[in-house]
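**Q** Make a model of this:
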Amino acid sequence: MARSISKLRNIGIAAHIDAGKTTVSERILYFTGVNRKIGETHDGQATMDFMKQEQERGITIASASITAEWKDHQINLIDTPGHVDFTIEVERSLRVIDGMVAVFCAVGGVEPQSETVWNQADKYRVPRIAFVNKMDRTGADFSEVIAQMEKYLGTNAVPIQIPMGQESDFTGSIDLVKMKALTYSEKEVFENEIPQEFLEAAMAARKNLIEKIADFDDEIAELYLDDKPIEEDMLKKALRQVTIKLMVTPVLCGAAYKNKGIQPLLDAVVDYLPSPTDIGTVFAHDPYQEDKTYELRPSVNEPFSALAFKLINDPYVGQQTFIRIFSGKLTGGMSLYNTNKDKNERVGRIFRIKAKEREEITEAGAGEIIALVGMKYTRTGDTLCDEKQPVVLESIHVPPAVIEMKITPSDLKNRDKLGEALAKLSNEDPSFHAHYDDETEETIISGMGELHLEIIVDRLKDEFKVPIEVGAPSVSFRETVSQEFECNYKHVKQSGGHGQYAHTVIRFEPNEGKGFEFVDITKGGVVPKEYMPSIEKGLRAAMEKSPLAGYPVVDVRCVLVDGSFHPVDSSDMAFQLCAAQCFKQAYPKMKPVLLEPVMKVEVNTPDEYIGNITRDITKRRGRIENMRRFRKGSQKLDGFIPLAEMFGYATALRNVTSGRANYSMEFFQYMKMPAAKQEEVVAARKKA
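**A** Okay, here's the model as predicted:
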């Protein structure tokens, strides 16, 4: 276990793609002694990017976990992807970390995925510090990044360092807490007096730092107003408190690729980001009484509780289940209760993970992030706890899949092998889904984007050795209803012996944005309570594939108004079939509409191509939300475009801007499709 919980830091590193966060992670591993040499993303040698697909593309795909030590503190570090197709990896990492390092590119500033990650961190109330990377690049502008953080992220960004020079003149940074100049060799950091040419800027920046903290700390405010000196330790303590309370975001700077700024960043992680004891009590629900909650304190003396947040299939040890322990102590061979699955699990082996390598340990305690081998039933988002005090921790939000693709094994003998591989991949990644279509005899896989499915296909071929043929990607539509209808349906079947009898009167209503909802308002026991789960199950099954175009039906409220039963012939199956048929009969009368995934798109472009881009977006049924000045001569354009119109957009954008613009997109929400387009999609679906 860690020396003490107060000396434990569970941190994530997150940012937009190509901001340099994996490079920052590699330098952290080097300076903390985990690695003897530095791995680079561009040559496929990064420790944290150990998947073959990550090494080939030079990007992070799966969040990797690693344990390091710095100044008598244990740091559990999670490096997360920057590409929006892998948002689930960021989401589940943020659910279990206590603090975050947000990496920004000094040239690119606050980019689209930076905003997405920042909003996710806000949702989980994760304290964070920021690191402005690539200060040595042409176009680097530290003060502009600070301004963008405040404008677009709504954060109180407070520099605790300022750069000494920018672009090719970047030589180091000034620590505003110590008031020292920091310069770097390949392995060391040197503290010196601040050069005269930077002294005035440093004094002004330190004054700004103290003023920002004084807004929240009375003791600092009093000393500042009395013009008295503020000691380094007092300033650090106050800065730590306001960071943990999410009042400010301390900002540091450096050039990770040149080994500049990493040691002070590690110091800042220890000094300003919280330990599990700073986060304090976590609340969990009683699985049997919704209004009853438990307080889980980060102590080894409390009942055990942990959240499973990631699964990995390892070819050598089998399935590894990553967990964050919130309370209690874990030992090998211990019996745990999985509240979500209502199953007992026995702990096999416990590992502390170093990316793809493992260190076996005998015990782990509150606050730690470790991997377990031997879990049979546990999946992402499940709670593991002491059987004597069952609890349910807040799970992990999984965004809906928006794109699908047909795949078939090259020959029939590989069908079972494909099924096993897809089951393993679905267990690992909750945002990936696979199902077999009996009508077309094809396997449909769905995910968060084209790159997401491309990686899945690569892994099926390379990792699982399943030869497959792949169809073109297509959009994963949904359906819903636009008007209310009440259906009275009686299911009666007699075939010798016991028959089948069930009768339901169900009112179906639009339930926009609220998903599926089942409500029973019957009185007098006309339908016994024990059949309610069967009715709900029948409705859910019927909505998996609609009668209109075969897509899943969402956002429907089903109100059971009346019905009847037979004391002998009624059964669970009879009520399931009755409810399903009731929905199928009512569906065409409720004016069903198609919903399509709409993407939030951000385009960065030189001014001269704005006209070309806006015309192209309009052609794609898109709408532009706003345009804002990004840098001199260039703009950021925000808009919304249906995913169906986004295939091939990268090539089109290159063509209309001579390759000078770039874009990113993320799922926004499902929206109603225009009637003419709906007819086109339904007709094509029926032909297929």
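**Q** In terms of secondary structure, what does the longest helix anywhere in the chain contact?
**A** Counting by DSSP state H, the longest helix found in the chain is helix 196-214. Contact partners of helix 196-214 among helices and strands, from 3 or more Cβ pairs under 8 Å, 6 or more residues apart in numbering; DSSP states H and E: strand 157-159, strand 161-164, strand 172-175, helix 218-225, helix 232-244. Heads up, the C-betas are built off the backbone N, CA and C, glycines and all.
**Q** Now the fourth one: average pLDDT?
**A** When pLDDT is averaged along helix 218-225, the result is 91.
**Q** list the buried ones in it?
**A** Residues of helix 218-225 classed as buried: 220-221, 223-224 (neighbour count, 16 or more other Cβ atoms under 10 Å).
**Q** Equivalent analysis for stretch 453-463, please.
**A** Residues of stretch 453-463 classed as buried by neighbour count (16+ other Cβ under 10 Å): 453-456, 458-460, 463.
**Q** pLDDT on it, on average?
**A** For stretch 453-463, mean pLDDT is 86.
**Q** chain center to it, what's the gap?
**A** Distance of stretch 453-463 from the chain centroid (Cα atoms, centre = their mean, to the nearest Å) equals 21 Å.
**Q** same deal with stretch 246-260?
**A** 23 Å.
**Q** Stretch 258-278 now?
**A** Computed by Cα atoms, centre = their mean, the chain-centroid distance of stretch 258-278 equals 23 Å.
**Q** Start and end of it, how far apart?
**A** Across stretch 258-278, the terminal residues are separated by 33 Å (Cα to Cα, to the nearest Å).
**Q** shift numbering so it begins at 38
**A** New numbering, starting at 38: the last item is stretch 295-315.
**Q** Going by neighbour count, list what's buried in it.
**A** So for stretch 295-315, counting by 16+ other Cβ under 10 Å, buried means 296-315.
**Q** Which ones among those map onto helices?
**A** Using DSSP H, the buried residues of stretch 295-315 in helices are 299-309, 313-315.
**Q** Please identify which two of these are farthest apart in space.
**A** With distances taken as Cβ to Cβ, the most widely separated pair in these is Ile299 and Thr314, at 26.1 Å.
**Q** ranges for the strands of the stretch 288-437 of the chain?
**A** 319-322, 330-333, 342-351, 355-364, 366-368, 372-375, 380-383, 386-391, 394-398, 400-402, 406-410, 420-422 (DSSP state E, counting those that start in this stretch).
**Q** Relative to Leu283, which of those strands is closest?
**A** For those, the distance to Leu283 is smallest for strand 319-322, at 16.7 Å, taking Cβ to Cβ.
**Q** Can you spell out which helices and strands pack onto that closest one?
**A** Using 3+ Cβ pairs under 8 Å, 6+ apart: strand 319-322 touches strand 330-333, strand 355-364.
**Q** do that again at 10 Å, thanks
**A** strand 330-333, strand 342-351, strand 355-364, strand 420-422 (3 or more Cβ pairs under 10 Å, 6 or more residues apart in numbering; DSSP states H and E).
**Q** Now Arg665. Nearest residue, chain neighbours left out?
**A** Lys673 (5.3 Å; Cβ to Cβ, 6 or more residues apart in numbering).
**Q** Surely that neighbour and Lys188 touch.
**A** No. Judged on Cβ atoms under 10 Å, Lys673 makes no contact with Lys188 at a distance of 11.5 Å.
**Q** Name the residues contacting each of those two.
**A** Applying Cβ atoms under 10 Å, 6 or more residues apart in numbering, one finds that Lys673 and Lys188 are jointly contacted by 147, 665.
**Q** So between these two, which is more surrounded?
**A** In terms of neighbours (other Cβ atoms under 10 Å), Lys673 is the more surrounded of Lys673 and Lys188; the figures are 19 against 12.
**Q** Can you show me the CA trace of the helix or strand containing the more buried one as CSV?
**A** Here Lys673 is covered by strand 671-679, with elements defined by DSSP states H and E. C-alpha atoms of strand 671-679 as CSV (Å, rounded to 0.1, in the frame of the first residue of the first chain):
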residue,chain,number,x,y,z
SER,A,671,-7.7,33.0,-39.0
GLN,A,672,-11.0,32.1,-37.4
LYS,A,673,-12.7,29.3,-35.5
LEU,A,674,-16.1,28.4,-36.9
ASP,A,675,-18.6,26.4,-34.7
GLY,A,676,-21.6,24.5,-36.2
PHE,A,677,-23.7,21.5,-36.2
ILE,A,678,-23.9,18.9,-39.1
PRO,A,679,-25.7,15.6,-39.3
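**Q** Good, wrapping up.
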